[in-house]
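A.B. asks: I'll drop the sequence and a predicted model, then ask my questions.
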Amino acid sequence: MNRLFKISMFLALGSLAFTGSAEAAFYYWNLATGDGFVNDGSLWSAQDGITTGIVPGAGDLAIVRNAGVVKIDADHLFAGVPNDIWVGDGSPTTGWPNAPFDPGEGHVLQTGGVVNYGYWFLVGRANAPGTSTYDLQSGSIVQTASGGQFVIGEWGSTATMTVGNNASITVNDAARIGVNAGAVGTLTMSGASTATFAHMDLGWESGDGSIILSDSAVLTSGNWSNFGVNNATASLTMSGNSVYNGNYGRPGGQAGSTVTWNMSGNARVNWQQWLNLGENNSVFTLTMNDNASIGTNSVDFGYGANANSTAVLNGTSSIQTNAVFNIGVYGENASGSVTLNDSASITVGGNLDMGLGATGALGVLTLNGSSTATVAGTINLGSGGGSGQINFNGGTLKATGNKNNFIADGSTTPGQSVFVQAGGATIDTNGFDVVVATPLLEDALSTGGGLTKNSAGQLVLASGYNTYTGTTAVNAGSLAAHTADPWGASSFGPITVAADAAIMPAVWDSMNNVIDTGIGGAVILKTSALTLADGSGATFVISDGAGLSSINVTGALTAGGGNATVVTDFIGNVPWAGSYQIVGYGSKTGTITFLPKVDGVGTLGVNIVDDGMASISAVFADMNTWNTAGPSNNYNNVGNWSLHVPNTSARRALFAGTGETVTLDVNATVSSLNFDGTDYVIAASGANKFTMNSSIALNAHINNVSGSNTISAPIDLAKDTRATVVQDTDTLTLSGAIGGAGGIEKVGDGTLAMASLGSGPAGDLVLGGGTFRYIGTTATTARGLVLDAAMTVDVESVDTTLTMT
């Protein structure tokens, strides 16, 4: 991957040029000790060393190579705009520019006024002896033309520029600090000072450059910024509320250079394009403390062959990118390491890539303490012979979208890339569904760490070879996982599931990016202990072969708080009738009741049975079924049912086969109404109605397995009720009045059509797939609306308005 960029070219001493009129003259400061004002003509000598009395002005060169200090303020300024200003000069007295004084350091103190210059401004030029200084405490320096350079320390010179208070510098071309062999240049800014450069080079061709920003100083480089080029040394130190604004470039070093950044306080770097921190045979080090921050479009820590880049973030420091965040990429033996301590954070707007693109490339991210890495894209670990690694030691990895490949491992040794150290790992799904494709491994040098799963959304551990040994805490949302070898020694450590959170033994289908419902054989999540809080959940997968996934607890199954009701749900296929173990346990502590979410799957009712010794099973059996050949069409006739008239909160009703009109001639309470046929119409006589209320499941259920069917009888929702329409070609129509305070959850690929949502206080309408169609008249309902999945919402008449409050 090549990137084109500009590099400013410095003119060697022997070819240094300036631009001006033919009448331009050289004037030399002649004060050897003490200080004097810049507009004192007696302190300036012409090139002959004899003539004095002329203050440098338009088109001239003002050269300070005597130790006496030049003082500048609003009342004491140059006579015009010099082309060039040199402060400290080492050029010889013979040959160009035929200086009348020996090489020497230079010193300027500016406390006000505006110093304008045309092309070249140099502090410490061409092997100037000593240390040359320019102290800008107030006022400004402004380049009025284009071309030339603003230089602090070149070719064997040592120079410092200090900018304080509200002083400012504006340069139309490149600023260069510490340029060429032996040069040492330092720019120090404090107070509310500002410096604006078109471009900037810091440390160039074996030079040594430093920038120190404090207080509220602001440094801006409008185009490229290059630090540490060709065996150079560069450092950036920021503190207070200082700000560095950049555009693009390589401010992290290249070609044998060493670059160091130190940021503290509320220091801030704002970068517009790509920020390359360490490239091609360079060494880069970043240390961020306190609340220091970097914002950029993208960033590279270690890019190109033999790059070595290290970043350590402490306190609440942070790095934020709009796009990609690279660590150790695209070069043989490129190395990058980013370590987050305390509450430090990175926020990545694109992919987080580590160890990509070349043999020996290595990128490492370590999350210590309460640190956080928030990633919008995919975390890619290794490719092309490189490797990426994540070390969890207390920190959090946070998602910002649904990701079927949140962590993808293409390292040279796949499955050996994510390590859980003693501090543990936290993954915050943040309301989204994410898949971690690589195993979470115990770190042999820092053992005992566990996994904490936070926030709504589903986390899938796709690998069955996780080896971390600490507690897995599911605090919110759901965790799907399995054990690849449940009959061997492999096992999760203790698992705890909080109220409103859920656990699911499951395998991930990476080809179709779904929970695998077609896998042959048993899917088992093996754990040393399982603690389920009251109100927690467990979901089990029914495979094509009618097998159920299960949890094997080798130790204690414990009710959190001593008494727990666990909401149990089933996904996947329709099972065969029979008994299936869903939880096996070594011992049990407290009272645990596994309560189905709804009372059946397909046309089979489900009950959950604990044998009290070692096994909890889901028992599926045929439902009480309507007999179309019965003596009448009246609901309340026992002869019309296979068992009894369903009319309690523990009863299910199944309408199968070719449909007919059924008359609801009694007020009936049911746990579920189920359809596995077509063209049924259930109509009420008089004021009779259904009441949906279940004592055998968490929610009541209206379940349309196949066909299109209608309930025109009124329905009261005494409990939250799930409405399932399985087939995308089928419609379940509820055309009667809806009452009661229960919520409505619509699931399945088919269409739910409703003429009423009720007007009184009631639970939300939760739409989780397929199509919802409102077929009633203009109305207002107190229900809220929750869109839980991609689906179609349709109001049948263009003249109808449904208002949800």
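C.D. replies: That came through fine.
A.B. asks: going forward, measure contacts between C-alpha atoms and count neighbours the same way
C.D. replies: Noted.
A.B. asks: For the nearest residue to residue 564 once chain neighbours are set aside, give its distance to residue 616.
C.D. replies: In this structure, residue 564 finds its nearest non-sequential neighbour in residue 534, 3.8 Å apart by CA to CA, 6 or more residues apart in numbering. Look at residue 534 and residue 616: by CA to CA, to the nearest Å, they are 17 Å apart.
A.B. asks: rewinding a little: SS state for the residue nearest to residue 564?
C.D. replies: Recorded secondary structure, residue 534: coil (DSSP: H, G, I helix; E, B strand; the rest coil).
A.B. asks: I'd say it and residue 559 touch.
C.D. replies: Yes. Between residue 534 and residue 559 there is a contact at 7.3 Å, judged by CA atoms under 8 Å.
A.B. asks: Note down every partner strand of the strand ranked longest in the chain and its orientation.
C.D. replies: Longest strand in the chain by number of residues (criterion: DSSP state E): strand 550-572. Partner strands for strand 550-572, per DSSP bridges, with pairing direction: strand 524-527 (parallel), strand 530-532 (parallel), strand 537-542 (parallel), strand 578-596 (parallel).
A.B. asks: ok, the nearest residue to residue 626 once chain neighbours are set aside - contacts?
C.D. replies: Of all residues not flanking residue 626 in the chain, residue 641 sits nearest, at 4.7 Å (CA to CA, 6+ apart). Contacts for residue 641 (CA atoms under 8 Å, 6 or more residues apart in numbering) come out as 624, 625, 626, 627, 630.
A.B. asks: ok, back up a step: rebuild the strands paired with strand 550-572 as CSV, extending it with distance to residue 649 and mean neighbour count.
C.D. replies: Formatted as CSV, these follow (distance: least, CA to CA, whole Å; neighbours: other CA atoms under 10 Å):
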stretch, distance to residue 649, mean neighbour count
strand 524-527, 33, 26
strand 530-532, 26, 25
strand 537-542, 22, 25
strand 578-596, 14, 19
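A.B. asks: Quick one: closest of these to residue 322.
C.D. replies: Residue 322 sits nearest to strand 537-542 of all these, at 37.1 Å, using CA to CA.
A.B. asks: and that closest one, C-alpha only, in CSV?
C.D. replies: Presented in CSV, the C-alpha positions along strand 537-542 are these (Å, rounded to 0.1, in the frame of the first residue of the first chain):
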residue,chain,number,x,y,z
GLY,A,537,-33.6,-16.7,30.7
ALA,A,538,-32.4,-19.8,28.9
THR,A,539,-32.9,-20.4,25.1
PHE,A,540,-32.5,-23.8,23.5
VAL,A,541,-32.0,-24.7,19.9
ILE,A,542,-34.2,-27.4,18.2
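A.B. asks: change the start of the numbering to 39 and stick with it
C.D. replies: Noted, 39 is the first residue going forward, which turns the last one into strand 575-580.
A.B. asks: Quick one: residues in contact with that strand.
C.D. replies: So strand 575-580 is contacted by 535, 537-544, 555, 586-588, 604-613, 620 (CA under 8 Å, 6+ apart).
A.B. asks: roughly how far out does that strand sit from the chain middle?
C.D. replies: 30 Å (CA atoms, centre = their mean, to the nearest Å).
A.B. asks: Common neighbours of residue 572 and residue 597, please.
C.D. replies: Residues touching both residue 572 and residue 597 by CA under 8 Å, 6+ apart: none at all.
A.B. asks: Buried among the contacts of residue 679? Make that a PyMOL selection.
C.D. replies: In PyMOL, this line selects whichever of the contacts of residue 679 come out buried by 16 or more other CA atoms under 10 Å:
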select buried, resi 662+663+664+665
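A.B. asks: What's the local residue count around residue 104?
C.D. replies: Counted by other CA atoms under 10 Å, the residues lying close to residue 104 total 23.
A.B. asks: residue contacts, it?
C.D. replies: So residue 104 contacts 67, 68, 69, 70, 71, 126, 139, 142, 143, 144 (CA under 8 Å, 6+ apart).
A.B. asks: try it again with 6 Å
C.D. replies: 70, 142, 144 (CA atoms under 6 Å, 6 or more residues apart in numbering).
A.B. asks: Buried ones only from these, please, as a ChimeraX command.
C.D. replies: With 16+ other CA under 10 Å as the criterion, this ChimeraX line picks the buried residues out of these:
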select :142,144
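A.B. asks: Select from the contacts of residue 104 every entry located in helices.
C.D. replies: Within the contacts of residue 104, no residue falls in helices by DSSP state H.
A.B. asks: Closest one to residue 158 out of the contacts of residue 104, please.
C.D. replies: residue 144 (15.7 Å).
A.B. asks: Residue 835 in helix, strand or coil?
C.D. replies: Relying on three-state DSSP, one would call residue 835 coil.
A.B. asks: Without its sequence neighbours, what residue ends up closest to it?
C.D. replies: Leaving out its chain neighbours, the residue that sits closest to residue 835 by CA to CA, 6+ apart is residue 813, at 7.3 Å.
A.B. asks: re the thing from before, distance from the longest strand of the chain to the middle of the chain?
C.D. replies: 33 Å.
A.B. asks: Show me what the host helix or strand of residue 249 pairs with in its sheet, parallel or antiparallel.
C.D. replies: Assigned by DSSP states H and E, residue 249 falls within strand 246-251. Note on strand 246-251: by DSSP bridges, its sheet partners are strand 222-227 (parallel), strand 271-276 (parallel).
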